[in-house]
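Chemist: Fold the following and give me the result.
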Amino acid sequence: MPSKKRRRKEERPRIHPKNKYSDNPPDFALLASLYPSFQPFVFYSREGRPRIDWTDFNATRELTRVLLLHDHGIHWWIPDGQLCPTVPNRSNYIHWIEDLLSSDIIAKTNSNEDNVRGFDIGTGANCIYPLLGASLFGWNFVASDVTDVALEWAERNVKNNPHVSELIEIRKVKCSQITFTPEELINGESIYSEEAEGLPSSSFDMPASEDKSYCGPPVLLDVVRDGESFDFCMSNPPFFESIEEAGLNPKTSCGGTYEEMVCPGGEKAFITRIIKDSVVLKQSFRWYTSMVGRKVNLKFLISKLREVGVTIVKTTEFVQGQTCRWGLAWSFVPPAKKIISPHVTEKNILSFMLDVWLFSLVCLNSVQNSFVH
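Modeler: Numbering: from 1, shown residues only. Reported below is the predicted structural model:
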C-alpha cells in the first residue's frame, strides 16, 4: 500500500488542462530558429536539451515576448527593471477565471456571455492579464495602476495590439493627498488611516500587534466608479514585505519594481484590503479573486472571508515547473443551489481544482467546507 506521502505527491495539481502549454511546453529550439533575437539566449545541456538562463532578466523577457507573439499574436515589451511575467503561469490564472465564470455555482448576472468584463488590480507595465484575457476570450478589461512608468507601458502594449485595444482601458489610480516613499514605508513612518482615504471600516479590523495593515494607494474603492459592475477582478499582489525578501530567490530573475513587489504586511495585508473593499462593493463583482504566493496565508485569508459572510469561497493551486502559487476567489452572490454536490465529471479538471465551499449566509452563519480533490 503506497504511503500517504507518495500518494500525495502523485496527486499534486498540475498545469491547467486548458492551458496552451499543458501538453506542449515552449520549444526553445524552435523559437530560436524562428526568432533570431531569442537565439543568443538559448544554450544546450550535455543531454542536448535547449535551455535558457532563468537568472538572466533579458532572457526571460525575450522568452515572454516571443511566446506572446508566436502563440497569441501579441506585440509586447517592457523596459528594464519592470516585472516580467511568465506566460504559462499567467495563463493558468486566466483559465481558472474562465472556469469560475462558466460554472453554475452562482447565478449569472451577465446574460451576454460575449461581454465579460474584468478588472485587473495593478496591471503593471506588462499588462499581461488583460492582453491574454482579451486575445483568448474577447474579454473587456479595466486595468489599474499607480506609477507613471507602468501606465505608460501598459498603454503602449495595448495600443500596439489593435485587435484587442478596444477591449482594454488603462485606468490611473489617484492617490490620496498623503503619499509615502518606499523609505517611509520600510521604516514604518507612514501615517495612513482609513479616514484619510475615506474608506469605510469593515467588520474585521486586525489588531496592529497581530498583522500589519495595508498602507498604500486605493485598490478597488475609489478606483471602481459609481454604477460600474464587473464579472471578476484579479490581482497578482505584491508578495513581499521588503525588497530584500523579494530578492531571496537566486534561481530566477523576473525583475520587478518596489511598487510591484513590496507592500508593508506583504500579500496578506494587500489581499486583506481587497477583502475589505469587497465588503463595501459586494455584488458589484460576481467574483473577487487574487493570486496567493504563500500557502500559509491562504488559511488566514479564508478565515477573514468567513468573518465577513461571503456566500462562497474557492481555491486552487497553480503549478508551473517548480513554482507553486494559489488562487483565491470569493463572492457575495447567492449560490444558484442551496445544496451543492461537489463533483466534477472530467477527471483532468478534477485533479487540477481544489475547492473550498463556505456557506455562511445561506446556512445561518454555519460554514460547510468540502474539498474537491
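Chemist: so what secondary structure elements neighbour the helix or strand where Thr60 lies?
Modeler: Assigned by DSSP states H and E, Thr60 belongs to helix 57-72. Helix 57-72 sits against helix 28-34, strand 50-52, helix 87-102, helix 128-137, with contacts defined as 3 or more Cβ pairs under 8 Å, 6 or more residues apart in numbering; DSSP states H and E. Quick note: C-beta positions are derived from backbone N, CA and C, even for glycine.
Chemist: and the last one with helix 57-72, angle?
Modeler: The directions of helix 128-137 and helix 57-72 differ by 20 degrees, with axes from the mean of the first three to the mean of the last three Cα atoms, to 10 degrees as the criterion.
Chemist: give me every residue that touches the spatially closest residue to Ala134 that is not a sequence neighbour.
Modeler: Excluding its sequence neighbours, the residue lying closest to Ala134 (Cβ to Cβ, 6 or more residues apart in numbering) is Val164, at 3.9 Å. Contacts here follow Cβ atoms under 8 Å, 6 or more residues apart in numbering; on that basis Val164 touches 74, 131, 134-135, 158.
Chemist: can we see that at 10 Å?
Modeler: 72-74, 130-136, 138-141, 157-158 (Cβ atoms under 10 Å, 6 or more residues apart in numbering).
Chemist: tell me the SS of it?
Modeler: Put simply, Val164 is helix when judged by DSSP: H, G, I helix; E, B strand; the rest coil.
Chemist: what separates it from Ile274, distance-wise?
Modeler: Relative to Ile274, Val164 is positioned 26 Å away (Cβ to Cβ, to the nearest Å).
Chemist: Tell me where the stretch 1-150 of the chain is predicted with low confidence.
Modeler: 1-13, 110-114 (pLDDT under 70).
Chemist: related to what we said a few turns ago, in the helix holding Thr60, what counts as buried?
Modeler: 57, 59-68, 70-72 (16 or more other Cβ atoms under 10 Å).
Chemist: do the same with stretch 229-236
Modeler: Here stretch 229-236 shows 230-236 as buried, counting by 16+ other Cβ under 10 Å.
Chemist: Mind jotting down where the helices sit in this structure?
Modeler: 4-10, 28-34, 57-72, 87-102, 128-137, 148-159, 162-165, 182-186, 194-197, 243-246, 258-261, 266-281, 295-308, 347-352 (DSSP state H).
Chemist: Report the inter-axis angle for the third one versus helix 87-102.
Modeler: Using the same axes, to 10 degrees, the direction of helix 57-72 lies 50 degrees away from that of helix 87-102.
Chemist: what about the residue lying closest to Tyr21 once chain neighbours are set aside, neighbour count?
Modeler: Distances taken as Cβ to Cβ, 6+ apart put Pro88 closest to Tyr21, at 4.3 Å, once the chain neighbours are dropped. Other residues near Pro88 come to 21 when the count uses other Cβ atoms under 10 Å.
Chemist: Among the helices of the chain, which comes closest to Tyr21?
Modeler: The minimum distance between Tyr21 and the helices of the chain falls on helix 87-102, with 4.3 Å, by Cβ to Cβ.
Chemist: Would you mind finding the most buried of the helices of the chain?
Modeler: The highest average neighbour count among the helices of the chain, using mean count of other Cβ atoms under 10 Å, belongs to helix 128-137 at a mean of 24.
Chemist: so what secondary structure elements neighbour it?
Modeler: With contacts taken as 3 or more Cβ pairs under 10 Å, 6 or more residues apart in numbering; DSSP states H and E, helix 128-137 sits against helix 57-72, helix 87-102, strand 117-121, strand 140-145, helix 148-159, helix 162-165, strand 168-172, strand 230-235.
Chemist: Format those as TSV; extra columns: distance to Ser45.
Modeler: As requested, the helices and strands packed on helix 128-137 are exported to TSV (distance: least, Cβ to Cβ, whole Å):
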stretch	distance to Ser45
helix 57-72	15
helix 87-102	20
strand 117-121	37
strand 140-145	38
helix 148-159	33
helix 162-165	37
strand 168-172	39
strand 230-235	36
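Chemist: Quick one: closest of these to Ser22.
Modeler: helix 87-102 (8.7 Å).
Chemist: ok, so what distance separates the nearest residue to Leu167 once chain neighbours are set aside from Val308?
Modeler: In this structure, Leu167 finds its nearest non-sequential neighbour in Ala134, 4.3 Å apart by Cβ to Cβ, 6+ apart. Here Ala134 is placed at a distance of 31 Å from Val308 (Cβ to Cβ).
Chemist: hang on, the earlier thing: of all the helices of the chain, which one is nearest Arg171?
Modeler: When these are compared by Cβ to Cβ, helix 148-159 sits nearest Arg171, at 8.7 Å.
Chemist: thinking again about what came up before, can you redo the helices of the chain as JSON lines with distance to Arg117?
Modeler: Shown next, in JSON lines, are the helices of the chain (distance: least, Cβ to Cβ, whole Å):
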{"stretch": "helix 4-10", "distance to Arg117": "39"}
{"stretch": "helix 28-34", "distance to Arg117": "33"}
{"stretch": "helix 57-72", "distance to Arg117": "20"}
{"stretch": "helix 87-102", "distance to Arg117": "11"}
{"stretch": "helix 128-137", "distance to Arg117": "10"}
{"stretch": "helix 148-159", "distance to Arg117": "16"}
{"stretch": "helix 162-165", "distance to Arg117": "14"}
{"stretch": "helix 182-186", "distance to Arg117": "32"}
{"stretch": "helix 194-197", "distance to Arg117": "25"}
{"stretch": "helix 243-246", "distance to Arg117": "32"}
{"stretch": "helix 258-261", "distance to Arg117": "24"}
{"stretch": "helix 266-281", "distance to Arg117": "14"}
{"stretch": "helix 295-308", "distance to Arg117": "23"}
{"stretch": "helix 347-352", "distance to Arg117": "25"}
